[in-house]
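Chemist: generate coordinates for the sequence data below:
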Amino acid sequence: MLLLTGCADPAPAPTGQADGLAQADAKPAKLGLCVACHGEDGRSRIPAAPHIAGQNPIYLVWALNQYKAGQREGDVMNAIVGALNDNDIEILARWYAGQPCDGASAP
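Modeler: Residues are numbered from 1 along each chain as shown. Coordinates of the predicted model:
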């Protein structure tokens, strides 16, 4: 079992529109799929959802792909990841990795 705690180093800021983000602070197009449980800032809104702000982006990509492949169970997550392609997953992982994990607002 893989358990990561604490904050990861912030993900590098995106540099252009080719990766789906116009600016480093642009919100991902599919962020709305995540906010009900994880919040826009990665601070969970419900007890069953983990805080993912500041999480390692490699771990987030791995976890989302595990849900998508059915190798990790979570009824809500298994349903949501079906709407995500590989690029969406990368962008969302980078977004949440770049959020401050202490609950402070991003600059």
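Chemist: could you list the alpha-carbon positions for whichever strand or helix holds E90 in PDB?
Modeler: Element membership for E90, per DSSP states H and E: helix 86-97. Coordinates of each C-alpha in helix 86-97 appear next as PDB, following Å, rounded to 0.1, in the frame of the first residue of the first chain:
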ATOM      1  CA  ASP A  86      -5.100  11.500 -20.200                       C
ATOM      2  CA  ASN A  87      -4.600  15.300 -20.700                       C
ATOM      3  CA  ASP A  88      -7.400  16.100 -18.300                       C
ATOM      4  CA  ILE A  89      -5.800  13.900 -15.700                       C
ATOM      5  CA  GLU A  90      -2.400  15.600 -16.100                       C
ATOM      6  CA  ILE A  91      -3.900  19.000 -15.900                       C
ATOM      7  CA  LEU A  92      -6.000  18.300 -12.800                       C
ATOM      8  CA  ALA A  93      -3.100  16.600 -11.100                       C
ATOM      9  CA  ARG A  94      -0.900  19.700 -11.800                       C
ATOM     10  CA  TRP A  95      -3.700  22.000 -10.500                       C
ATOM     11  CA  TYR A  96      -4.200  20.200  -7.200                       C
ATOM     12  CA  ALA A  97      -0.400  19.700  -6.700                       C
END
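Chemist: what helices or strands is that helix leaning on?
Modeler: The helices and strands touching helix 86-97, judged by 3 or more Cβ pairs under 8 Å, 6 or more residues apart in numbering; DSSP states H and E, are helix 57-68. All C-beta atoms are positioned from the backbone trio N, CA, C, and that covers glycine.
Chemist: pLDDT weak spots in this protein?
Modeler: 1-25, 103-107 (pLDDT under 70).
Chemist: mind doing that once more with 50?
Modeler: Scanning the chain for pLDDT under 50 picks out 1-5, 10-23, 106-107.
Chemist: so S44 makes contact with C37?
Modeler: Yes. Counting by Cβ atoms under 8 Å, S44 does reach C37; the two are 6.4 Å apart.
Chemist: tell me the contacts of the closest residue to I89 other than its chain neighbours?
Modeler: Computed as Cβ to Cβ, 6 or more residues apart in numbering, the closest residue to I89 that is not its neighbour in sequence is L64, at 4.8 Å. With contact set as Cβ atoms under 8 Å, 6 or more residues apart in numbering, L64 has these partners: 77, 81, 84, 89, 92-93.
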